[in-house]
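S.K.: got a sequence here, can you build the structure:
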Amino acid sequence: MRHLSTAVAVVAGVAGVAQPLAAKVLKFEVVRIESPAFEGRSFGTVGTYDRIIARATIGVAPADPHNSVIVDIERAPRNAQGLVEAITDVEILRPTVAANGNRGLIYDVVNRGSKRLLGYSNDAPGNNELVKAADAGSGFLMNRGYTVVWSGWQGDLGAGGGRMTLSVPTVPQISGPAREEFIFDNTENPATGRLSYPAADLDPAHAKLSVRQREGDPRATPAGLSFKFDGPNKVLITRPSGFDGGAIYELVYEAKDPRVMGLGFAATRDLISFLRHEPVDAGGTANILAGRIDRAISFGQSQSGRYLHDFLYFGFNSDEAGRTVFEGLMPHLAGGKKTFTNFRFSQPGRSAYQHADTLYPGAEFPFTYPVTTDALTGKTDGMLARCLAANTCPKIIKTDTELEFYQGRAGLVSVDTKGNPLAMPDNVRLFLLSNLQHAAPVNAKSTLTPTCTYPSNPLYAGPPLRALLVALDAWVSSGTLPPASRYPSRADGTLVEPTAGAVGFPSIPGVAYPSRINQAAVIDDKVMPPTRRAPYPAFVPKTDPDGRDLAGLHLPTLAAPIATHTGWNLRKAGFGEGELCDNTGSMLPFAKTREERLATNDPRLSLAERYPQPGERAALIERAARQLVQGRLLLDDDVKSFLQATN
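M.R.: Next up is the predicted model:
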């Protein structure tokens, strides 16, 4: 590797500036270029695309104020220039003919190493290896000329399956308490639990294992519960009687070799800044996107959307030269949460749910974008605080489903911590995708899952997300204001306390409304395991008598429903019965006839009562779709797909 001072001189000479290299990509190595990609498929007037597989090595200066927020950065090993290095996988799709591109870059934050954006934007099959023509789906992004970029950010993933990985250093000679939660959802005994970090001490007497059936139950150590280490990275747990497959097993142990996981944020920042601004890397290798990009938007789904919250919150939307990294952010399914990434012994794959991982960091105040004062702790903060100080705040279109209000603490996004309504800043729009579960692929079918009580919810978010992406890009590129927010609010009564009575949820035969949701609380993390203190207010969307959310962006099919769709589901007997069932929603069909519903005391009108005339439902759906098109919440090309679904 060329010495940094030489590399800086090269870049300064090429760029015609006498200043240090800002985005420290020490080496950008192209592994291969597939041109044309997708088996030669051509996309409208844009033509073919190139697929570029690469690796980037970044160098982060620990003392730079942009980097000092990274936990343990000052303890990490350094290279000869005093920089902390990380290596990330990179994949790029770009128009083969540069002039045919639209000069917009979309960065798809990978979810546990996997690509997500094309599954929504292109109705694509969701493959990590983008090889076949069909892997581009509808070609929506390519037809519009976008350059799409992926890279690794999660430093604890193994390679394989096309996953995008990031290699980060470990901190030497550091050990400390760590915690694992296991919900096995089976009856295997003994059960195997894998540790996120190697155990520093393999004596079971120096670790503590407990079990509880429900999150709120006291931790127990009953007769029959035991464990042993099977090497430093695995435990074998002997399970006691009296607890079903959904019980929570918690291990507190002494771990070693923490990773500098917060480098994942710097890796994204520096890669995107390099691709946008620098002609060459620090070794003189040309930037393959040089001169092609004017603007950048980032999309993140679920874990990746929470990553974008952290990226913003920790100040990484400013590069080391003070430039804005992304002009637009689109966090999808992030609720009021962030990630457990920028911590010692972090576990980025964790996310606080009602029945799992509730006490892990990453879901604490601040829950929303404006700077507010926490009524319970006295802290003043907001996800926008650092970008406001740096004048690098992006335009944000945030989308959540109903599930995020039950599992993702989205009820705290539009209120302060006393439950009073908040006005969003001018650069933020909020959208509830009404009555959807956390995620469902295109052409999903309602089905029973192994652990949930009710059939799943197949409603698909792709069409509104496409329209909102177009709106966000127009907002970024030309200043065209996007549609107004559609999100539940305390001010208009569409955001209420989570009881069946307050919500107005119908009394459906054989269906129980949740008795608990994922309610945030102040967490005392100075003890291990952490403990819950005072709770924050909890709110969910109010519904109509059919269980349809009053607020939000309604899919056209919800204008003429055939069932009650919910974002939530409940765990069934044998798996923590009655607790919220992870990310799965429910589809609860209407009776076919009046006689059928009366026989079961179902208060919801039957299909025959709702749509007595042939074609009536299709007409209602088409009218709703056309209204969404007029409001720029649906693209005209997507109207047809909703009409076809009624046939």
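
S.K.: now do the strands in the stretch 101-250 of the chain.
M.R.: Using DSSP state E, counting those that start in this stretch, the strands of the stretch 101-250 of the chain run over 104-109, 147-151, 166-167, 175-182, 191-194, 208-212, 226-229, 234-238, 248-256.

S.K.: just so I know, which of the ones you listed lies nearest K27?
M.R.: The minimum distance between K27 and the strands of the stretch 101-250 of the chain falls on strand 166-167, with 12.9 Å, by Cβ to Cβ. To be clear about C-beta, it is placed using only N, CA and C from the backbone, and glycine gets the same treatment.

S.K.: mind listing what that closest one pairs with, with the direction of each?
M.R.: strand 84-95 (antiparallel) (DSSP bridges).

S.K.: so what's the residue nearest in space to the middle of the chain closest to, chain neighbours aside?
M.R.: Here the mean C-alpha position of the chain is nearest to the C-alpha of S302 (Cα atoms, centre = their mean), at a distance of 2.0 Å. Distance criterion Cβ to Cβ, 6 or more residues apart in numbering; nearest residue to S302, sequence neighbours excluded, is L333 at 4.4 Å.

S.K.: was I right about the one you found contacting Q407?
M.R.: No. Judged on Cβ atoms under 8 Å, L333 makes no contact with Q407 at a distance of 9.9 Å.

S.K.: okay, and the common contacts of these two?
M.R.: Common neighbours of L333 and Q407, counting by Cβ atoms under 8 Å, 6 or more residues apart in numbering, are H438.

S.K.: do I have it right that P204 meets L236?
M.R.: No. The criterion here is Cβ under 8 Å, and P204 misses it with L236 at 10.3 Å.

S.K.: which neighbours do those two have in common?
M.R.: F227, K228.

S.K.: helices of the stretch 351-500 of the chain, start to end?
M.R.: Secondary structure of the stretch 351-500 of the chain, counting by DSSP state H, counting those that start in this stretch: helices at 385-390, 402-407, 462-478, 500-503.

S.K.: the stretch 51-200 of the chain now?
M.R.: Going by DSSP H, counting those that start in this stretch, the stretch 51-200 of the chain shows helices at 117-121, 140-143.

S.K.: and F243, how far from Y253?
M.R.: Distance from F243 to Y253, counting by Cβ to Cβ, to the nearest Å: 21 Å.

S.K.: one step back: closest one to G231 among the helices of the stretch 51-200 of the chain?
M.R.: Nearest of those to G231, taken as Cβ to Cβ: helix 117-121 at 36.8 Å.

S.K.: CA atoms of that closest one as CSV?
M.R.: What follows is helix 117-121, C-alpha atoms only, in CSV (Å, rounded to 0.1, in the frame of the first residue of the first chain):
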residue,chain,number,x,y,z
LEU,A,117,-34.3,-2.4,-2.2
LEU,A,118,-34.9,-4.2,-5.4
GLY,A,119,-37.5,-6.4,-3.7
TYR,A,120,-39.6,-3.3,-3.2
SER,A,121,-38.7,-0.9,-6.0
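
S.K.: who are the packing partners of it?
M.R.: Counting contacts by 3 or more Cβ pairs under 8 Å, 6 or more residues apart in numbering; DSSP states H and E, helix 117-121 packs against strand 104-109, helix 140-143, strand 295-301, helix 462-478.

S.K.: kindly recompute the last result at 10 Å.
M.R.: Based on contacts counted as 3 or more Cβ pairs under 10 Å, 6 or more residues apart in numbering; DSSP states H and E, the elements that helix 117-121 packs against are strand 104-109, helix 140-143, strand 147-151, strand 295-301, strand 328-332, helix 462-478.

S.K.: surely the residue nearest to the centre of the chain touches A461?
M.R.: No. Using Cβ atoms under 10 Å, S302 is not in contact with A461, being 11.4 Å away.
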